[in-house]
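Trainee: What follows is a predicted protein model with its sequence.
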Amino acid sequence: MMSTLLRGRTLSFLRWPETIDDHAAYAYQEDGGLLIRDGKIVAAGPYAEVEKQAGADTQRIDHRPHLILPGFIDAHVHYPQLQVLASYGAELLEWLNTYTFPEESKFRDAQYGRRVARLFLDEMIRHGTTSVAAYCSVHRQSAEAFFEESHARNMLNIAGKVMMDRNAPEGVLDTPQSGYDDTKALIGEWHGKGRQLYAVTPRFAITSSPEQMEMAGALVKEFPDLHMQTHLSENHAEIAFTCELYPQAKDYTDVYEHYGLLGKKSLFGHCVHLSEREADALSDSGSIAVFCPTSNLFLGSGLFDYQRYRTRDKPLRIATATDVGGGTNYSMLRTMDEGYKVIALNGEKLNPFQSFWQMTRGNAEALSVSDRVGTLNAGTDADVVVLDSSATPIMKLRMETVETLAEELFLLQTVGDDRAIREVYVAGRTAKSDLAG
Ligand code: GUN
Ligand code: ZN
């Protein structure tokens, strides 16, 4: 049996940190140890204690003085949009038509998909992200390419072929029947294979006909433990067009509700402009609102009201995500930095413990995978990130005046990026230092 013992400053969350002084919300060890065997965490705690459980054949890796955390989780990202990143000057619908759909049409070519899937997952690892909920393109082979690459790396990823049958160019359209058939075939082939999880993925109401929405609802009913992911209430033009296309619906959320798409494993990207009724419907069903700050800012979509959603009478479950290519950076550190600013514009603050909870355990809970990833708990998969708070000259200088863990985390979030990612472990194996180049 292969075992590895990591040494460093370990940090893992036990629950949502209510305040910046809520030290009972996390476990932090100044001299911590993490013992990993066969891809799983078998012990975490003070190094001196954990070390006792290591064997003579245990590989020992000393990461002091760096921080050891659970790997970051990105709850909404489009893998085929690697080359859409940084496309100028458009709001959502124009951006989709001008840049996104033409790029996604290239994924008809399986070889192209494989190349981008490889580059995409390299990028995730480089940024300390060990799990994503990913949208593929409409093409079945794009999802196959993603899962093949993800499985080869033994990553826990959730993904799905996008279902879209109207209001887009021919090259990115399926039909209600082919969308259903391809999704079902992919579920059979990939869901539960190794660490792979399938998400039924109707892109959004604008690009799915009522017939296709029926099919998506049928799949969710047939496979109730699968995730479902889509977009909801991102910008005003999108909302208006959706209401025109579905005139019987009470509102945008009601379209998805009508087809049985709300639920505890349903991930709704954006949710920027929800009415109280819509927020209640999401809350009642246990659905998840996914906050995509860099994307909402870049496309000018609006300000997600994180603290209000979290504390309303019927609170929302919230995840955070990059949403690249609408989003502008693959780093969850950069994402939470922009998230902090959005929340500040709404007159609130997110403290650094809350931010780091969100990108680890919080996102794992929102994705219903916290029994497997998102903490350093014994028995979970060893997906781990090692962070260097002095990775750049300015960070190193600023660290001279940092006195508390909260200050250090806030520095990492505010100026940190991929340069702060020292190492990444996926199911116990080094992943970042193994990347080519
Ligand atoms: N709504 C439907 N498709 C997309 C997409 O690819 N990106 C974003 N940001 N919103 C969408
Ligand atoms: Zn998206």
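Mentor: Nice, thanks for sending it over. Residues are numbered from 1 along each chain as shown. Ligands and ions are numbered 1, 2, ... in the order given.

Trainee: in what helix or strand does the one residue in the stretch 151-300 of the chain that gets nearest to ligand 2 lie?
Mentor: Minimum separation of the stretch 151-300 of the chain from ligand 2 (C-beta to the ion) falls at G269, amounting to 4.5 Å. In this view, the C-beta of every residue, glycine as well, is placed from N, C-alpha and C. Using DSSP states H and E, the element containing G269 is strand 266-270.

Trainee: now G217: how far from S266?
Mentor: 11 Å (C-beta to C-beta, to the nearest Å).

Trainee: Comparing these two, which shows the higher neighbour count?
Mentor: S266 (23 against 18; other C-beta atoms under 10 Å).

Trainee: That one against A281, yeah?
Mentor: No. S266 is beyond contact range of A281, at 11.1 Å (criterion: C-beta atoms under 8 Å).

Trainee: Mutual contacts of the two, please.
Mentor: S287 (C-beta atoms under 8 Å, 6 or more residues apart in numbering).

Trainee: number of nearby residues for the residue in the stretch 251-400 of the chain that ligand 1 sits nearest to?
Mentor: At 3.1 Å from ligand 1, G326 is the closest residue in the stretch 251-400 of the chain, using C-beta to the nearest ligand atom. Residues lying near G326 (other C-beta under 10 Å) number 30.

Trainee: go on, R60?
Mentor: 12.

Trainee: and the residue lying closest to it once chain neighbours are set aside, what are its bridge partners?
Mentor: Leaving aside its sequence neighbours, R60 sits nearest to L5 (C-beta to C-beta, 6 or more residues apart in numbering; 4.9 Å). Beta-bridge partners recorded for L5 (DSSP bridges): L35, R60.

Trainee: how much space between L5 and R37?
Mentor: Distance from L5 to R37, counting by C-beta to C-beta: 10 Å.

Trainee: between the two, which one's more packed in?
Mentor: Taking neighbours as other C-beta under 10 Å, L5 and R37 compare with L5 leading, 22 against 19.

Trainee: Roughly how far does that one sit from T380?
Mentor: Applying C-beta to C-beta, the value for L5 to T380 is 17 Å.

Trainee: Quick check: the residue nearest to R60 touching Q59?
Mentor: Yes. Using C-beta under 8 Å, L5 is in contact with Q59, at 7.2 Å.

Trainee: Now the element after the top helix by length along the chain, going C-ward?
Mentor: In the chain, taking DSSP state H as the definition, the longest helix is helix 110-126. Next helix or strand after helix 110-126 toward the C-terminus (DSSP H and E): strand 129-135.

Trainee: What lies in contact with the following helix or strand past that following strand?
Mentor: The C-terminal neighbour of strand 129-135 among helices and strands, as given by DSSP H and E, is helix 140-152. By C-beta under 8 Å, 6+ apart, the list of residues contacting helix 140-152 from outside reads 79-80, 107-108, 110, 113-114, 116-118, 120-121, 134, 136, 157, 159-161, 182, 185-186, 189-190, 193-196.

Trainee: Pull up the pairing partners for the helix or strand following helix 140-152, direction included.
Mentor: Toward the C-terminus, helix 140-152 is succeeded by strand 157-160 as the next helix or strand (DSSP H and E). Take DSSP bridges as the rule and strand 157-160 pairs in its sheet with strand 129-135 (parallel), strand 196-202 (parallel).

Trainee: got a list of contacts for strand 157-160?
Mentor: For strand 157-160, the external contacting residues (C-beta under 8 Å, 6+ apart) are 79, 131-136, 143, 146-147, 150, 183, 186, 195-201, 227, 229, 367, 369.

Trainee: Isn't A133 up against A321?
Mentor: Yes. Using C-beta under 8 Å, A133 is in contact with A321, at 7.5 Å.

Trainee: what residues are shared contacts of those two?
Mentor: D74, A75, H76, V77.

Trainee: Close to ligand 1: what parts of the chain are there?
Mentor: Contact residues (C-beta under 6 Å from any ligand atom) of the chain with ligand 1: H78, L92, L96, T100, R203, F204, H231, E234, S295, D323, G326.

Trainee: Let me see the domain layout of the chain.
Mentor: As assigned by the TED database, the chain contains the domains 3-70+375-434, 72-367.

Trainee: I'd like the ones you listed written out as JSON lines, with mean pLDDT added.
Mentor: Shown next, in JSON lines, are the domains of the chain (pLDDT from 0 to 100):
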{"stretch": "domain 3-70+375-434", "mean pLDDT": "98"}
{"stretch": "domain 72-367", "mean pLDDT": "98"}
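
Trainee: any idea which of those domains is most buried?
Mentor: Comparing the domains of the chain by mean neighbour count (mean count of other C-beta atoms under 10 Å), domain 72-367 ranks first with a mean of 21.
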